[in-house]
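Novice: output the structure for:
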Amino acid sequence: MKVAIVGASGAVGQELLRILDEHNFPLDELVLFGSSRSAGKKYTFKGKEYEVKLLQHNDDFKDVDIALTSAGAGVSEEFAKTITQYGAVMIDNSSAFRMCDDVPLVVPEVNAEDALRCPRHIIANPNCTTIMMVVVLKPIEALSHIKKVHIASYQSASGAGAAAMAELEQQYRELVNEGEVKTIKKFPHQLAYNVIPQIDKMMENDYTKEEMKMFNETRKIMHSDIRTSATCVRVSSLRAHSESVWFETAEPLSVEAIREALKAAPGVTLVDDPQHYIYPMPLESAGKDDVYVGRVRKDLADDYGNTLWLTGDQIRKGAALNAVQIAEYLVKQGAIKK
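Specialist: You can find the predicted model right below:
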């Protein structure tokens with residue numbers, strides 16, 4: 001099997017390489033693609049060195065079976081036909097195709113079978129905050145239909161990419177050495193010692209694009225009329241996102257029932273002993289595959305509501321790991337030859 005990674009030099013591209021190695025993904029050939037800035041860079045995978053090729057409109061994808069793309073929506077839109085024209089399945093990490101009716105939006109723990117219906121040979125990877133939330137909501141939905149959800153997200157610098165992580169570190173250095181921040185490029189304001197209540201651009205309804213992604217993508221993934229209302233906030237942690245989630249179900253659910261469902265759920269680790277100060281934190285979930293959940297409790301303002309806290313590594317489960325899991329599912333189902 002021949003696998004391509006588009007955007008190999010980015011944070012997600014590098015994580016894809018690590019996860020393919022860790023999971024011993026059954027590939028025979030690997031090819032890396034990037035922009036003119038990345039072309040020529042070399043990376044080692046399973047003891048062999050690979051050079052990044054310039055992404056171009058040519059026949060480079062003729063023998064590729066799976067293309068894992070993470071180079072931004074513009075690149076995905078421009079090169080989708082080039083990548084898929086010879087039959088490669090494109091698993092895309094950008095927002096380009098997520099809401100297209102003929103492109104499945106897949107989180108394997110929730111709706112893996114949707115990946116088998118991809119007439120355009122494109123499967124979309126959802127937004128990172130959506131992925132982590134629906135992994136947790138799925139086992140609760142099985143207990144009682146979830147009608148609405150309110151979310152406050154606490155999203156680390158890594159959600160904006162490797163350059164954003166470097167900028168946050170640079171801002172802290174500037175504060176220590178010069179007493180003020182001079183480098184503000186990747187964020188609309190200083191992030192060091194700050195929180196920014198805006199992720200992505202503002203929409204006409206005064207929600208951000210990130211917040212509307214959570215509304216629309218959750219409904220598509222869960223095949224549900226669920227309604228979400230989010231406030232997405234950039235915080236000055238380096239890696240891994242967190243979310244505070246309030247949800248209302250059709251029937252009241254006990255905390256005990258929710259905890260038991262979460263314990264048994266794939267991709268979820270319950271860390272919930274609040275009386276002993278044990279709960280998930282991004283510092284501990286960074287680099288891990290599961291979504292960590294804790295602080296499960298009744299909503300004091302809603303008899304049909306409960307609330308919980310979750311945290312997870314958005315570069316892994318929120319992006320690269322989810323894409324690899326989709327590829328693994330396709331292989332397991334015989335949709336891709338080994």
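Novice: for the helix or strand where Leu321 lies, buried residues please.
Specialist: Here Leu321 sits within helix 321-332, counting by DSSP states H and E. For helix 321-332, burial by neighbour count (16 or more other Cβ atoms under 10 Å) applies to Leu321, Asn322, Ala323, Val324, Gln325, Ile326, Ala327, Glu328, Tyr329, Leu330, Val331. Yep, even glycine has a C-beta here, placed from its N, CA and C like the rest.
Novice: one more: stretch 275-289?
Specialist: Tyr279, Pro280, Met281, Pro282, Ser285, Ala286, Lys288, Asp289.
Novice: now what about it, what contacts it?
Specialist: 154, 156, 237-242, 267, 269, 271-273, 291-295, 309-313, 316-317, 321 (Cβ atoms under 8 Å, 6 or more residues apart in numbering).
Novice: try it again at 7 Å.
Specialist: For stretch 275-289, the external contacting residues (Cβ atoms under 7 Å, 6 or more residues apart in numbering) are 156, 237, 239-242, 271-272, 292-295, 309-313, 316-317, 321.
Novice: now do that stretch, average pLDDT.
Specialist: The average pLDDT for stretch 275-289 rounds to 95.
Novice: ok, now stretch 98-114?
Specialist: 98.
Novice: tell me how far the ends of that stretch are from each other?
Specialist: 13 Å (Cα to Cα, to the nearest Å).
Novice: same check, this time on stretch 120-128
Specialist: 23 Å.
Novice: ditto for stretch 306-322
Specialist: Stretch 306-322: ends 27 Å apart by Cα to Cα.
Novice: ditto for stretch 44-54
Specialist: Start-to-end, stretch 44-54 (Cα to Cα) is 18 Å.
Novice: ditto for stretch 42-50
Specialist: End-to-end for stretch 42-50, by Cα to Cα: 5 Å.
Novice: which residues are in contact with it?
Specialist: Ala8, Leu17, Asp21, Leu30, Leu32, Glu51.
Novice: and that stretch, how far out from the chain's middle?
Specialist: 25 Å (Cα atoms, centre = their mean, to the nearest Å).
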